[in-house]
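Chemist: coords below, sequence missing:
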């Protein structure tokens, strides 16, 4: 059995960033468990679906983004035996002194009836997968009239602003090109956004673009043969026809996490929301989408969580109580048109926490930042543990 000082489960944004920071801190015996040969910058998929970026720009070989000196184990975790400090993989078993859990979140395509059969064809797509985002733009571009439905599931979801981003990009495109498309945005919450200050801004955006918002509602079935969706609303069930639809699969913690001793009641890893250290197993940390914390699940959250995890892990190695805290910061750049966005930044308190001096409002001529600036920051600084 191979043994490592630090095992990181997951080679996505969180895993690579933590590995890079550990290597910069001089930790040499680090293993990253990641089965995929490709690493994706997933925030770009919204722009792919909106016709503002190529899907190829979102992908790089995993081997090219992992830091030097890290052992890459191309395998999948199936179980964590926390009491014996072992990780069971599909092809072997490894042991650890310290464990960082960050395998991301699971997309449950089958939990929305009819979605798996419909997605990627006949006007239905989703920016939540590399293979489907380009189809979204094709459907938007080819639609000149009719009805469009954009839905978001209830429960935890990564990048909760993404279902709105593509709705606004599509509506803006149709208005610019003179198309006549009736746009419906179906959201499960009681407000268009969880932070009142940003909700007020987005309400104005939706009104300007002619987007009809259905609050407290959720798409529960797709019927491609009829080209409609079934929507559960506060007053009952209704159907909406569609010529184009962007739908998001329900999401949950990976099954092996939810079944493990690491999971809390939600199925996600039960960590202290401040230190990101496991409540029962002090040698275990978690961050990113799999962490059972109440913040929004975004890449910007990982950027703030990674230094906390690494700093606290290094302190624990030295026999010191974790000195660093994560305040729940998350950021969601919500595209509202071809060159505009709302940069929503907030923390555990639900208050706006602007970091760039931008107003709490819609910012014009800022699309290049999301399309070029943020990807540059991601590939060249964040994944190298420098920001």
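Modeler: Yep, it's here. Not measured: the values here are computed from a predicted model. Residues are numbered from 1 along each chain as shown.

Chemist: For this structure, name the helix or strand with the lowest mean pLDDT.
Modeler: helix 367-368 (a mean of 72; mean pLDDT, DSSP states H and E).

Chemist: following that helix, which helix or strand comes up?
Modeler: Downstream of helix 367-368, the next assigned helix or strand under DSSP states H and E is helix 374-380.

Chemist: which residues of the chain score low on pLDDT?
Modeler: Counting by pLDDT under 70, the chain shows low-confidence ranges at 365-367.

Chemist: Beta-bridge partners for the residue nearest to the spatial centre of it, please?
Modeler: The centroid of the chain falls nearest to residue 158 when counting by C-alpha atoms, centre = their mean (3.1 Å). Under DSSP bridges, the beta-bridge partners of residue 158 are residue 297.

Chemist: Please list all residues in contact with it.
Modeler: Residue 158 makes contact with 42, 104, 105, 128, 251, 289, 297, 298, according to C-beta atoms under 8 Å, 6 or more residues apart in numbering. Where C-beta positions appear, they are placed from N, C-alpha and C, glycine not excepted.

Chemist: got a list of contacts for stretch 299-308?
Modeler: The contact list for stretch 299-308 (C-beta under 8 Å, 6+ apart) reads 13-14, 17-18, 21, 42-43, 159, 275-276, 287-288, 291, 295, 324-332, 345, 378, 382, 385, 387.

Chemist: Ignore what I typed, I meant stretch 342-354.
Modeler: 161, 193-195, 197-198, 201-202, 205, 273, 294-296, 300, 327-334, 336, 355-356, 358, 360-363, 366.

Chemist: ok, of the residues you listed, which come out buried?
Modeler: By neighbour count, with 16 or more other C-beta atoms under 10 Å, the contacts of stretch 342-354 hold 161, 193, 195, 198, 201-202, 205, 295-296, 300, 328-334, 336, 362-363, 366 as buried.

Chemist: Okay, and which of the residues you listed map to strands?
Modeler: Of these, the ones assigned to strands by DSSP state E are 330, 331, 332, 333, 334, 336, 362, 363.

Chemist: which phi and psi does the residue lying closest to the last one once chain neighbours are set aside have?
Modeler: Residue nearest to residue 363 in three dimensions, not counting chain neighbours: residue 341, with 5.9 Å by C-beta to C-beta, 6 or more residues apart in numbering. Per-residue torsions, residue 341: phi -160, psi 170 (degrees, to the nearest 10).

Chemist: and residue 341, how many neighbours?
Modeler: Neighbour count of residue 341, defined by other C-beta atoms under 10 Å: 24.

Chemist: same deal with residue 146?
Modeler: Residues within reach of residue 146, counting by other C-beta under 10 Å, total 15.

Chemist: do the same with residue 292
Modeler: Residues near residue 292, counting by other C-beta under 10 Å: 22.

Chemist: Over to the one 5 residues further on?
Modeler: A count of neighbours around residue 297, defined by other C-beta under 10 Å, yields 21.

Chemist: residue contacts, it?
Modeler: Contact analysis of residue 297 by C-beta under 8 Å, 6+ apart lists 105, 156, 157, 158, 159, 160, 288, 289, 330.

Chemist: measure it to residue 25 for me?
Modeler: 26 Å (C-beta to C-beta, to the nearest Å).

Chemist: element containing residue 163, please.
Modeler: helix 162-177.

Chemist: From the contact counts, what lies against that helix?
Modeler: For helix 162-177, the packing partners by 3 or more C-beta pairs under 8 Å, 6 or more residues apart in numbering; DSSP states H and E come out as helix 44-49, helix 133-142, strand 145-151, strand 180-186, helix 196-209, strand 211-214, strand 244-246, strand 330-337.

Chemist: Quick one: closest of these to residue 73.
Modeler: Among the helices and strands packed on helix 162-177, helix 44-49 comes nearest to residue 73, with 26.7 Å by C-beta to C-beta.
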